[in-house]
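**Student:** Predicted model follows, preceded by the sequence.
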Amino acid sequence: MQYRQLGQTTLRPSVVGFGLWTLSTGWWGDYTDAEAVVLLREARDLGITFFDASDSYGNGRSEEQLGEAFGNDSNVIVATKGGYDFYTYGEARRGQREIPQNFSAAHIRRACDESLRRLRRDRIDFYQLHNPKMDTVERDETFTCLDELVREGKIASYGVALGPAIGWEHEGVRAARERNIAGMQIIYNLLEQEPGRAHIAACRDAGAGVIVRVPHSSGLLEGHYTIDTEFAANDHRRHRPRAWLVDGLKKVEQLQFLVDARPGATIGQIALQWILADPAIASTLPNIYNREQLVEFAAASDVAPLTEDELARVQELYVTNFGLERSIENAQAAGAVS
């Protein structure tokens, strides 16, 4: 496993991290808390030190799982998020629909204290505003509160996690330029590079680090889908246009040259290496559903990096949409929640 500095902080997360949404929300399968703790501890044993939760994942469940797995262990880096008011509206949540947000200083302070309690920690290493919109990025009260929490020692650093879907270019760029963020979490992958490139450039200029989620384009780059793949009724991918899967598989097929050049490596590992070719990116958060994927993705940093020629060839494919006609359906699918 390799480790990189997050922006200008002293944090050095593993380049492959673990996002707890797969274990705590029920959207990617049902896990008991005991099963989650076993998987989290195995991840640590494989060299993963960066774990990303949210107070709203399972209404506090992801943080409780982390607390049970690691407690106040200083050898792991714990990131979490706040801003969704599940204290008031948690019972009303249905599936992946958003609930009302609250980024007032009072709510953020309460949310942080509750997160610390569930995580069983004295301090949160990286605290993120969860999917803030422009009115929040412009809200001085929220960022003044975050600065106060740093001074009080409750959080070591803070940033923004953009979403829930691809987009939010202006929010991300403005946060990087005008707020004292240590890092930004974005959706970015080989098949979906915009507006991630704008976010990365803004973070690079500001000295902020980047955390990448959905690095496998909602599973397309994991290498397991076929034209016959069907998704469960509660899976958001089930509601995407058919063109998303059909065209996506055609694109992945054209990346086989990267696999051929690395015997034994998987397309899932190579997709992570493509992201890590940019030194501004501190860590990636692949979806981890089971032990097999955990072992596969944890080994991604040992795979040979992409060469300059390979990076250029991939970029040429992306710019030309892999030679495929751009459809309205696919454009709509790219904006879906991942």
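**Tutor:** Alright, I've got the coordinates. Numbering: from 1, shown residues only.

**Student:** so where's the chain uncertain?
**Tutor:** Applying pLDDT under 70 to the chain flags the ranges 26, 28-29, 90-97, 233-236, 238-239, 327-338.

**Student:** Let's see that with 80 instead.
**Tutor:** Residues of the chain meeting the criterion pLDDT under 80: 25-30, 89-98, 228-242, 326-338.

**Student:** So for the most centrally placed residue in the chain, what's the nearest residue that isn't a sequence neighbour?
**Tutor:** Most central in the chain under Cα atoms, centre = their mean is residue 213, positioned 2.5 Å from the mean C-alpha point. Once flanking residues are discounted, residue 213 sits nearest to residue 285: 4.3 Å by Cβ to Cβ, 6 or more residues apart in numbering. Every residue, glycine included, has its C-beta placed from N, CA and C.

**Student:** same check, this time on residue 287
**Tutor:** residue 22 (5.4 Å).

**Student:** my guess is the residue nearest to residue 213 contacts residue 211, does it?
**Tutor:** Yes: Residue 285 is within contact range of residue 211, at 6.5 Å (criterion: Cβ atoms under 8 Å).

**Student:** Who has more neighbours out of those two?
**Tutor:** Ranked by neighbour count (other Cβ atoms under 10 Å), residue 285 and residue 211 place residue 211 first, with 26 against 23.

**Student:** you'd agree the more buried one is in a strand?
**Tutor:** Yes: the assignment for residue 211 by DSSP: H, G, I helix; E, B strand; the rest coil puts it in a strand.

**Student:** What separation is there between the closest residue in space to it that isn't next to it in sequence and residue 13?
**Tutor:** Excluding its sequence neighbours, the residue lying closest to residue 211 (Cβ to Cβ, 6+ apart) is residue 185, at 4.2 Å. To residue 13, residue 185 is 12 Å away according to Cβ to Cβ, to the nearest Å.

**Student:** joint contacts of residue 285 and residue 211?
**Tutor:** Common contacts of residue 285 and residue 211, defined by Cβ atoms under 8 Å, 6 or more residues apart in numbering, comprise 17, 52, 185.

**Student:** Which single one of those residues is nearest to residue 43?
**Tutor:** Distances from residue 43 to the shared contacts of residue 285 and residue 211, taken as Cβ to Cβ, are shortest for residue 17 (8.8 Å).

**Student:** I'd guessed that closest one sits against residue 47; true?
**Tutor:** No: the criterion here is Cβ under 8 Å, and residue 17 misses it with residue 47 at 10.9 Å.

**Student:** When the two are compared, which one has more neighbours?
**Tutor:** Legend: neighbour count by other Cβ under 10 Å for residue 17 and residue 47, higher for residue 17 (24 against 15).

**Student:** Quick check: phi and psi on the more buried one?
**Tutor:** phi -110, psi -170 (degrees, to the nearest 10).

**Student:** Please report phi then psi for the spatially closest residue to it that is not a sequence neighbour.
**Tutor:** Nearest residue to residue 17, sequence neighbours excluded (Cβ to Cβ, 6+ apart): residue 50, at 3.5 Å. As for residue 50, its main-chain torsions (degrees, to the nearest 10) stand at phi -110, psi 120.

**Student:** what's across from residue 50 in the sheet?
**Tutor:** Beta-bridge pairing for residue 50 (DSSP bridges): residue 77.

**Student:** okay, now it: neighbour count?
**Tutor:** By other Cβ under 10 Å, the residues close to residue 50 number 28.

**Student:** residue boundaries of the strands in the protein?
**Tutor:** Ranges of strands within the chain are 18-19, 50-52, 77-82, 126-130, 158-161, 183-187, 209-213, 281-285, based on DSSP state E.

**Student:** Helices of the stretch 51-200 of the chain, start to end?
**Tutor:** Applying DSSP state H, counting those that start in this stretch to the stretch 51-200 of the chain gives helices spanning 61-70, 86-89, 105-119, 134-137, 140-151, 169-178, 196-206.

**Student:** Touching, residue 100 and residue 89? I think so.
**Tutor:** Yes: here residue 100 lies in contact with residue 89, judged by Cβ under 8 Å, at a distance of 5.4 Å.

**Student:** So between the two, which is more surrounded?
**Tutor:** Neighbour count, other Cβ under 10 Å: between residue 100 and residue 89, residue 89 has more, with 15 against 10.

**Student:** for the more buried one, what are its contacts?
**Tutor:** Here residue 89 is in contact with 99, 100 (Cβ under 8 Å, 6+ apart).

**Student:** Run through the bridge partners of residue 183.
**Tutor:** residue 159, residue 209.

**Student:** Quick check: residue 223 vs residue 23, distance?
**Tutor:** For residue 223, the distance to residue 23 (Cβ to Cβ) stands at 22 Å.

**Student:** With neighbour numbers in mind, choose between those two.
**Tutor:** residue 23 (28 against 17).

**Student:** Can you tell me how far the more buried one is from residue 241?
**Tutor:** Using Cβ to Cβ, we find residue 23 at a distance of 29 Å from residue 241.

**Student:** do the same with residue 19
**Tutor:** In terms of Cβ to Cβ, residue 19 sits 26 Å off from residue 241.
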